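Enquirer: Structure of the sequence below:
(one chain, ligands or ions: 1)
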Amino acid sequence: MNKVSVSTKRPYSVLIGSDILSGLGDAVLSVHKLSKAMIVTDDNVAGLYLDDVINSLTESGFRTSKIIIKSGEENKTASTYLSVIEQMAQCEIGREDLVVALGGGVVGDVAGFAAATYMRGIDIIQVPTTLLSAIDASVGGKTGVDLPQGKNLLGAFHQPVLVYFDSKTLTTLSELDFKNGIGEGIKYAILCGGEILDILEKGLCKDNILRFVELAVSVKRDIVEEDEEESGKRKLLNLGHTFGHAIEKLSEFSISHGIAVAKGIYIVARASLCANKLTQVDYEIICELFKKYGLDTACNYTTAQLLSVIKMDKKINSDGQISLVDIRAIGKCEINKMSFENLKEYINECKN
Ligand SMILES: NC(=O)c1ccc[n+]([C@@H]2O[C@H](COP(=O)([O-])OP(=O)(O)OC[C@H]3O[C@@H](n4cnc5c(N)ncnc54)[C@H](O)[C@@H]3O)[C@@H](O)[C@H]2O)c1
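Expert: Below is the predicted model:
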């Protein structure tokens, strides 16, 4: 089993292995005393891994309850969150108990926000079951739900006490949801190049998936340790997300997060190329990755449509400027501020 240690204000480990789900209970016991474990999952994952998780936790001595939410981004809402909180109260979950989030980023974000706020905060274990949540959503402590006005507008920072990833869970993931994870994976390859890029260029497979997840989590760990609550460097992790979130929202979530992020990264890469800030060689490496994994980079929304959604995005600063992550080279991205007016030109230029 691989381990990445995260030294945030509240330190924790990310355990990464293959076929390790039966060891979850003992791993939880090493970070949390025996108590009630409220497992939050969705209606797809419940049929696949809920029994294994209940068995493992029970064998280690935990009492368990479960909450099954509806799957999909359209259910990452305040009403789902409230319903989770109310079910926790009905089950008499106390301050010493814990939440176990079993699923993808949607479950992780909703359950994480419930854990962050229930009784002013109780412990949470993240058990990611998608590639996207393993390399990104389960680590770093961002939790939250969407509002009609925009994504993740209601949320909190709440670090887990443990992240436990079994790569075997990915064997049941749909091709689309695997691609979704690759979208965020390409983000890491652009941010730091090196071995993550090598793996993606050669091809992600079951022989290198554990190493890939370990590397991606380590990149996120390094950034989050430096800037836990996103006052600076952590914004780098938003590469492609300003446009990605807008595309996701405009599609009414029929384009999923990682795929929308890939489209957003493509807009940024083109803009960086058009401004002569990214070399043709690096631009082509990025495009090749999209092609290799069948990620469609086309954005079918107009500039006006994108801007209307971006306006609501929480990434706009109080001075009306927007923070955008630009690509200077593979392994070299930077955070720049741009006025909302200039953003229009930026999008127009790179859509040509
Ligand atoms: N908190 C963060 O730092 C952070 C970072 C990145 C993304 N996110 C959020 O993560 C969400 C996207 O996460 P996601 O891509 O995991 O989506 P998701 O949670 O919607 O999961 C995708 C689909 O896969 C199904 N699924 C999950 N695990 C499965 C498995 N092992 N086998 C078969 N089916 C499975 C789910 O039921 C769902 O239908 C977005 O809401 C995004 O905003 C959060």
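
Enquirer: use CA for all of it now, contacts and neighbours both
Expert: OK.

Enquirer: This structure: strands as residue ranges?
Expert: Remark: strands assigned in the chain by DSSP state E are 2-6, 12-17, 36-42, 63-69, 98-103, 123-128, 142-147, 150-157, 162-166, 321-329, 332-339.

Enquirer: near the ligand, anything from the fourth one?
Expert: No - shown here: strand 63-69 not in contact with the ligand (C-alpha under 6 Å from any ligand atom), separated by at least 9.5 Å.

Enquirer: quick one: that strand to strand 98-103, angle?
Expert: Angle of strand 63-69 versus strand 98-103, following axes from the mean of the first three to the mean of the last three C-alpha atoms, to 10 degrees, is 40 degrees.

Enquirer: Could you name the helices and strands sitting against strand 63-69?
Expert: strand 36-42, helix 51-59, helix 78-90 (3 or more C-alpha pairs under 8 Å, 6 or more residues apart in numbering; DSSP states H and E).

Enquirer: Kindly reformat the strands of the chain as JSON lines containing mean neighbour count.
Expert: Below are the strands of the chain laid out as JSON lines (neighbours: other C-alpha atoms under 10 Å):
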{"stretch": "strand 2-6", "mean neighbour count": "16"}
{"stretch": "strand 12-17", "mean neighbour count": "20"}
{"stretch": "strand 36-42", "mean neighbour count": "24"}
{"stretch": "strand 63-69", "mean neighbour count": "18"}
{"stretch": "strand 98-103", "mean neighbour count": "28"}
{"stretch": "strand 123-128", "mean neighbour count": "28"}
{"stretch": "strand 142-147", "mean neighbour count": "22"}
{"stretch": "strand 150-157", "mean neighbour count": "18"}
{"stretch": "strand 162-166", "mean neighbour count": "26"}
{"stretch": "strand 321-329", "mean neighbour count": "22"}
{"stretch": "strand 332-339", "mean neighbour count": "15"}
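
Enquirer: Could you dump the ones you listed into JSON lines with mean pLDDT added?
Expert: Formatted as JSON lines, those follow (pLDDT from 0 to 100):
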{"stretch": "strand 2-6", "mean pLDDT": "98"}
{"stretch": "strand 12-17", "mean pLDDT": "98"}
{"stretch": "strand 36-42", "mean pLDDT": "98"}
{"stretch": "strand 63-69", "mean pLDDT": "98"}
{"stretch": "strand 98-103", "mean pLDDT": "98"}
{"stretch": "strand 123-128", "mean pLDDT": "98"}
{"stretch": "strand 142-147", "mean pLDDT": "97"}
{"stretch": "strand 150-157", "mean pLDDT": "94"}
{"stretch": "strand 162-166", "mean pLDDT": "98"}
{"stretch": "strand 321-329", "mean pLDDT": "93"}
{"stretch": "strand 332-339", "mean pLDDT": "93"}
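
Enquirer: So which of the helices and strands packed on strand 63-69 is nearest the ligand?
Expert: Ranking the helices and strands packed on strand 63-69 by proximity to the ligand (C-alpha to the nearest ligand atom) places strand 36-42 first, at 5.7 Å.
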